[in-house]
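S.K.: Have a look at this prediction, sequence included:
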Amino acid sequence: MSVLERFARHNHSLRARRDFKPRPVHISDDARASSLFSRQRDIMNQILSPTIKHFSLDGSNGLPFNRRSPSPRARLSEALTSEETAGPIWNRKNLLELSDSIRADLRDGNVFGPNAEKLSYFLEAALKDEERKYPSLDFETIEYARLDKLLAELLQFAENIKSSDLTPELLLRFRVDVSETKTLSRFWRRRFREQLFMINQHRCAILVEGGRLKDVAFNSSLDYDLGKWQTMKDTGPVSESEANLQFEPGHWWLNITCAERDGIVNSSLETPTKGCYGFTSLPLLTGTEELIRHNTVRYVREGRSPDMHIQLISQVGRKIRIIRGYKLKSIFAPVAGLRYDGLYTIRQYGCKLDSIINKYRLELTLERAADQRPFESISRVPKPSQLDDWALYEKLEGDKVKLVEGESSYLQWKLKRQEEKADLEEWQRARLFRASFAVPRGIGQGQQRLDRRVTQFF
């Protein structure tokens, strides 16, 4: 083979090797990153696989993914707040119900009831809200829901409770709640300052302008035992169907004039009133009442002939609306104000003259109608927030008497209130003394426990 032929064959083999040489692969940045992440993921999976099964770095596993159900605390949050990016939106109505329930438990000596977990959640959520630059729990919500009262009563309860009566678990939980309550109180004092200090004065203004004392006014010229308030608007007769829609058992007022303003009665006197469309309302504001059998009570009062409710003779066998006042000597009476207790049927009417004392004596036998709200739930009215309004109302009335009638009239007004309170306390002690002989040992040791035993009949 010539030299020229050998040179040509050599060039051909070089060209063939060059043509068959693998071409370089161009890898994009995204693919390179994906490849690197996959490499790291495989390494981590290999490292974790001996101890953690069905797990990979990207979150996948060999089992179907099941989302964990919300915890009980998370479910409680839905009732009190609505989470948004700007912070929780507080439900004022639910907060007021929570505040009333917990305060009622505190007054019963039971802080570890069914609302204890809700209290813990609220304190935690409120503290987290205070850490925001602009907290969403505003002053109006605190005022409306009585949250300042809740914190104050919780701290007062903590001072009076005996730690030895609690289990270690409950003691730890309670201490955490108390600590968070103190911290939250400091936050609110620092944030609201004078507003928080004057909160009761602001509540009193709301009470008069648009609250429970709306459209009623103090009138010093009035001279009757039930108060010196009068309504400032005309209240025409209300039909039975309209009253059923407006008033439910447990409706509460500060005084009889407020009830007249709303139309359930047509007079601020303690007398039966009847609308044009056939229903009668009877306020039981004074006198005594006792349970004689299941669902049936006897009401007794003494006085002059005009006080004997003669018109009720025609109502025997019919249903009437019963409104009880706090001055009534009865285990069913509210502790303050007036409360609508539902429909009762007049089973018997009796009236006679006691010639010895020259007074008439009225006896009414009343049977509570069926298919109504249980009386046990009605007996919880007034709630703590309503008792707050009652305290403001009494202070306001005393200030009105002092301002309009002078210091002497104010002292007489105050003395009369103290005498009424002492009279009720004496009646309660006498009732408990009699009840201690009629019920098993341990039942008559406190008014509240005895009342619970009696109200189970309703």
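M.R.: The structure has been received and is ready for your questions.

S.K.: pLDDT value on the residue minimising distance to the centre of the chain, please?
M.R.: Nearest to the mean C-alpha position of the chain, counting by CA atoms, centre = their mean, stands E97 at 2.3 Å. On pLDDT, E97 comes in at 95.

S.K.: any idea how far it is from I142?
M.R.: Per CB to CB, to the nearest Å, E97 is found 15 Å from I142. For every residue, glycine as well, the C-beta is placed using N, CA and C.

S.K.: same thing with H251?
M.R.: In terms of CB to CB, H251 sits 26 Å off from I142.

S.K.: what does F112 give?
M.R.: According to CB to CB, F112 stands 25 Å off from I142.

S.K.: buried ones in the strand or helix carrying V208?
M.R.: Here V208 is covered by helix 199-209, with elements defined by DSSP states H and E. By neighbour count on 16 or more other CB atoms under 10 Å, the buried set for helix 199-209 is I199, R203, C204, I206, L207, V208.

S.K.: helix or strand right after the lengthiest strand in the chain?
M.R.: Longest strand in the chain by number of residues (criterion: DSSP state E): strand 338-354. Downstream of strand 338-354, the first helix or strand assigned by DSSP H and E is strand 359-368.

S.K.: what pLDDT, on average, does that next one get?
M.R.: For strand 359-368, the per-residue pLDDT averages 95.

S.K.: same thing with stretch 289-304?
M.R.: Average pLDDT, stretch 289-304: 93.

S.K.: Need the CA coordinates for that stretch. PDB is fine.
M.R.: What follows is stretch 289-304, C-alpha atoms only, in PDB (Å, rounded to 0.1, in the frame of the first residue of the first chain):
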ATOM      1  CA  GLU A 289     -95.400  32.700  97.600                       C
ATOM      2  CA  GLU A 290     -94.900  29.100  98.500                       C
ATOM      3  CA  LEU A 291     -94.800  25.800  96.600                       C
ATOM      4  CA  ILE A 292     -97.800  23.600  97.500                       C
ATOM      5  CA  ARG A 293     -97.400  20.800  95.000                       C
ATOM      6  CA  HIS A 294     -95.800  20.000  91.600                       C
ATOM      7  CA  ASN A 295     -95.900  23.000  89.300                       C
ATOM      8  CA  THR A 296     -98.400  24.800  91.600                       C
ATOM      9  CA  VAL A 297     -97.800  27.700  94.000                       C
ATOM     10  CA  ARG A 298     -99.900  29.700  96.400                       C
ATOM     11  CA  TYR A 299     -99.600  33.500  96.400                       C
ATOM     12  CA  VAL A 300    -100.700  35.500  99.400                       C
ATOM     13  CA  ARG A 301    -100.900  39.200 100.100                       C
ATOM     14  CA  GLU A 302    -102.500  41.400 102.700                       C
ATOM     15  CA  GLY A 303    -103.800  45.000 102.300                       C
ATOM     16  CA  ARG A 304    -106.800  47.100 101.600                       C
END
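
S.K.: For G250, see how far away F279 is.
M.R.: Taking CB to CB, one finds F279 at 18 Å from G250.

S.K.: ok, of the buried residues of helix 199-209, which one's closest to A435?
M.R.: Using CB to CB, L207 is the member of these that sits closest to A435, with 36.9 Å.

S.K.: Would you mind stating the distance between that closest one and D341?
M.R.: The gap separating L207 from D341 is 24 Å, by CB to CB.

S.K.: sorry, back to before: pick out whichever of F279 and G250 has more residues nearby.
M.R.: Neighbour tally, F279 and G250, criterion other CB atoms under 10 Å: the higher count belongs to F279, 22 against 19.

S.K.: Isn't that one up against R318?
M.R.: No. If you go by CB atoms under 8 Å, F279 and R318 don't touch, sitting 9.3 Å apart.

S.K.: roughly how far out does the longest helix anywhere in the chain sit from the chain middle?
M.R.: Counting residues, the longest helix found in the chain (DSSP state H) is helix 407-438. Distance of helix 407-438 from the chain centroid (CA atoms, centre = their mean, to the nearest Å) equals 29 Å.

S.K.: Show me where the chain dips below the pLDDT cut-off.
M.R.: 1-88, 162-167, 223-226, 233-245, 275-278, 438-458 (pLDDT under 70).

S.K.: Please, where are all the strands along it?
M.R.: Assigned by DSSP E, the chain shows strands spanning 81-82, 89-90, 216-218, 229-231, 252-253, 273-274, 280-284, 288-293, 296-303, 319-325, 338-354, 359-368.

S.K.: Adjacent strands (with direction) for the second one?
M.R.: Neighbouring strands of strand 89-90 in its sheet, by DSSP bridges, are strand 81-82 (antiparallel).
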